[in-house]
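Chemist: Here you go, sequence then predicted model.
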Amino acid sequence: MTIEEKQLLLIDLCSRLLYGVVIHTDWKNVKLDRDHCGIGVLYYEHYSEEAKKECGYNVNDFSIIISGCYYGENIKPYLRPMSSMTEEEKNEYYALEELSRKKSNHGIDILDWLNRHHFDYRGLIENGLAIEVNENNNPYID
């Protein structure tokens, strides 16, 4: 994963915490929510000399740390493609767009709505940074 991809993933995960995003890690699925909102980074310079040798990272690299735990480099959120929006969701989305234009809030309500419904509006799925939610692997259905 490139540094740019990690940065995009970090930004995306932070914006979804309030809504309980599920991520796939090297070991297991983890639900991130209000109780797990400690997302941060561990930069290369903070690694021990032993870890630097073992990992072989470069100076500009960093790891994403969630609630103080390192889950590996293959963190991927489960997200829905925009094309999976139902008719009911489309109506709600378009109503929010109209309201947002009137309120001039720069689309904040729309972004919150997209995050709450786990939509991939940043293209993470097509770039291999997220797992597409479908009827066979939907971790959001209880």
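Modeler: Nice, thanks for sending it over. Residues are numbered from 1 along each chain as shown.

Chemist: Need the CA coordinates for whichever helix in the chain runs longest. CSV is fine.
Modeler: Secondary structure of the chain per DSSP state H: the longest helix is helix 87-103. Provided in CSV are the C-alpha atoms of helix 87-103 (Å, rounded to 0.1, in the frame of the first residue of the first chain):
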residue,chain,number,x,y,z
GLU,A,87,-34.6,3.7,-4.9
GLU,A,88,-35.6,4.8,-1.4
GLU,A,89,-32.0,5.7,-0.6
LYS,A,90,-31.7,7.6,-3.9
ASN,A,91,-34.8,9.7,-3.0
GLU,A,92,-33.3,10.4,0.4
TYR,A,93,-30.0,11.3,-1.1
TYR,A,94,-31.5,13.6,-3.7
ALA,A,95,-33.6,15.3,-1.1
LEU,A,96,-30.4,15.9,1.0
GLU,A,97,-28.7,17.3,-2.1
GLU,A,98,-31.5,19.8,-2.6
LEU,A,99,-31.5,20.8,1.1
SER,A,100,-27.8,21.1,1.1
ARG,A,101,-27.9,23.6,-1.8
LYS,A,102,-30.4,25.7,0.1
LYS,A,103,-28.5,25.6,3.3
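
Chemist: After it, which helix or strand is next?
Modeler: Sequence-wise, the next helix or strand downstream of helix 87-103 (DSSP states H and E) is helix 108-116.

Chemist: Pull the distance from that following helix to the chain's centre.
Modeler: Taking the mean of its C-alpha atoms, helix 108-116 sits 13 Å from the chain's own mean (Cα atoms, centre = their mean, to the nearest Å).

Chemist: same thing with stretch 27-35?
Modeler: So, by Cα atoms, centre = their mean, the centroid of stretch 27-35 is 11 Å from its chain's centroid.

Chemist: What's the separation between Asn91 and Arg80?
Modeler: Using Cβ to Cβ, to the nearest Å, one gets 17 Å for the distance from Asn91 to Arg80. For glycine as for every other residue, the C-beta is placed from the backbone atoms N, C-alpha and C.
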